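**Q** Give the three-dimensional model of this entry:
(one chain, ligands or ions: 1)
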Amino acid sequence: MIRVKNLWHVYENGKEALRGVDFEMGEEIVALVGQNGSGKTTLAKHLNGLLKPTRGEVVIDGMDTREHTVAELSRVVGYVFQNPEHMFFEEDVFKEVAFGPKNLGLSEEEVEERVRWALKVVHLDGYERRTPYSLSGGEKQRLAIACVLAMKPKYLILDEPTTGLDARSAAGVVETIRELRRDGHGILLITHDMDLVLELAERVLLLHEGRKVFDGSVREFFSLELHDYGLEKPELLRISERLGIGFVRSASEVINALAGGSR
Ligand SMILES: Nc1ncnc2c1ncn2[C@@H]1O[C@H](COP(=O)(O)OP(=O)(O)OP(=O)(O)O)[C@@H](O)[C@H]1O
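**A** A predicted model of the protein is given here:
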């Protein structure tokens with residue numbers, strides 16, 4: 001479990017980016033949402049120890065982040081940053097994914113096994129000898145996930161994993177996230193994309209000015225006055241409300257509801 005208790009984070013300039021946040025998550029997909037500057041990145045950086053609490057505590061599977069290094073915590077919580085191309089520095093995809101496991105001191109066979117496995121999970125097997133820079137946006141995003149996965153972390157933080165991707169690439173990333181969830185990972189999805197929240201999340205955590213203002217189901221979340229938090233309801237929900245069929249999570253549910261209604 002990830003347990004965050006009364007977490008405060010005050011930056012050196014005095015900015016109170018987090019103000020008493022309580023939050024827990026396990027093996028589930030939690031969307032972390034809120035307008036720009038609400039504290040999402042600050043909270044996420046606490047989960048693998050990149051930041052340490054000013055006040056309160058963060059405990060990851062029993063490890064207090066103040067007592068563990070980023071390297072130790074990264075084995076449990078993997079962080080896939082936004083714009084992953086800035087992360088790549090090796091000459092080919094294989095070496096890029098091998099970098100983390102090698103640093104764990106694993107044998108060559110085990111490193112190779114992890115690289116092959118991670119590339120397969122994100123459907124990049126066959127890309128081993130390509131240079132990371134030659135990949136498309138969606139492939140780069142999946143490569144970034146593979147690099148983190150190869151460390152076999154229990155939890156993954158994904159920062160805007162589908163932003164800037166075309167529909168097909170985004171669908172590939174969404175499918176990868178679903179597979180990871182089925183394999184027992186907990187996933188924290190930082191996003192401004194309300195369609196993605198509707199499609200993929202199991203729970204939503206909403207931050208506003210450094211405070212948690214909502215933590216609950218996707219359905220309840222979308223019944224909030226989202227404009228107050230600089231967010232918008234997905235088009236699909238607006239359409240379904242107009243049609244009087246209530247809460248749906250996909251276009252096919254709309255079709256099913258309409259087909260059922262006309263019988
Ligand atoms: N290193 C820093 N020093 C001072 N203030 C910071 C620092 N990093 C972030 N902040 C401030 O802390 C607040 C929260 O920032 P944070 O990046 O966590 O928000 P966010 O919700 O991730 O925003 P976005 O959606 O724009 O990525 C903002 O007001 C930001 O300006």
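**Q** wait, doesn't Gly34 sit right on His208?
**A** Yes: counting by CB atoms under 8 Å, His208 is a contact partner of Gly34 at 5.7 Å. Where you see a C-beta, it was placed from the backbone N, CA and C, and this is true even at glycine.
**Q** for Glu90, what are its contacts?
**A** 96, 98-99, 132 (CB atoms under 8 Å, 6 or more residues apart in numbering).
**Q** Just give me the neighbour total for Glu27.
**A** By the measure other CB atoms under 10 Å, the count of residues near Glu27 is 15.
**Q** what's the distance between it and Asp61?
**A** 12 Å (CB to CB, to the nearest Å).
**Q** overlap in contacts of the two?
**A** With CB under 8 Å, 6+ apart, Glu27 and Asp61 have no common neighbours.
**Q** quick one on the thing from earlier: now, which of the contacts of Glu90 sits nearest Leu196?
**A** Minimum distance to Leu196 across those is 24.3 Å, recorded for Pro132 (CB to CB).
**Q** and that closest one, what is it in contact with?
**A** Residues counted as contacts of Pro132 (CB under 8 Å, 6+ apart) are 85, 88, 90, 92-93, 96, 140, 143.
**Q** how about a cut-off of 10 Å?
**A** Contact analysis of Pro132 by CB atoms under 10 Å, 6 or more residues apart in numbering lists 84-85, 87-93, 95-97, 139-140, 143-144, 147.
**Q** With Ser240 instead?
**A** Here Ser240 is in contact with 234, 246-249, 251, 253-254, 257-258 (criterion: CB under 10 Å, 6+ apart).
**Q** Lys52 now?
**A** 9, 45-46, 58, 64-67.
**Q** before we move on, what about Ile177?
**A** Ile177 sits next to 29, 145, 156, 158, 161-162, 185, 187, 189, 196, 199-200 when contact means CB under 10 Å, 6+ apart.
**Q** Could I get the CA-only coordinates of the helix or strand harbouring it as PDB?
**A** Here Ile177, judged by DSSP states H and E, is contained in helix 167-182. C-alpha atoms of helix 167-182 as PDB (Å, rounded to 0.1, in the frame of the first residue of the first chain):
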ATOM      1  CA  ALA A 167      -5.700   8.000 -31.300                       C
ATOM      2  CA  ARG A 168      -4.100   4.700 -32.300                       C
ATOM      3  CA  SER A 169      -0.900   5.300 -30.200                       C
ATOM      4  CA  ALA A 170      -2.900   6.500 -27.300                       C
ATOM      5  CA  ALA A 171      -5.000   3.300 -27.500                       C
ATOM      6  CA  GLY A 172      -1.800   1.300 -27.400                       C
ATOM      7  CA  VAL A 173      -0.700   3.000 -24.200                       C
ATOM      8  CA  VAL A 174      -4.100   2.600 -22.600                       C
ATOM      9  CA  GLU A 175      -4.100  -1.100 -23.400                       C
ATOM     10  CA  THR A 176      -0.600  -1.400 -21.900                       C
ATOM     11  CA  ILE A 177      -1.900   0.300 -18.700                       C
ATOM     12  CA  ARG A 178      -4.800  -2.100 -18.500                       C
ATOM     13  CA  GLU A 179      -2.500  -5.100 -18.900                       C
ATOM     14  CA  LEU A 180      -0.200  -3.800 -16.100                       C
ATOM     15  CA  ARG A 181      -3.200  -3.400 -13.800                       C
ATOM     16  CA  ARG A 182      -4.300  -7.000 -14.600                       C
END
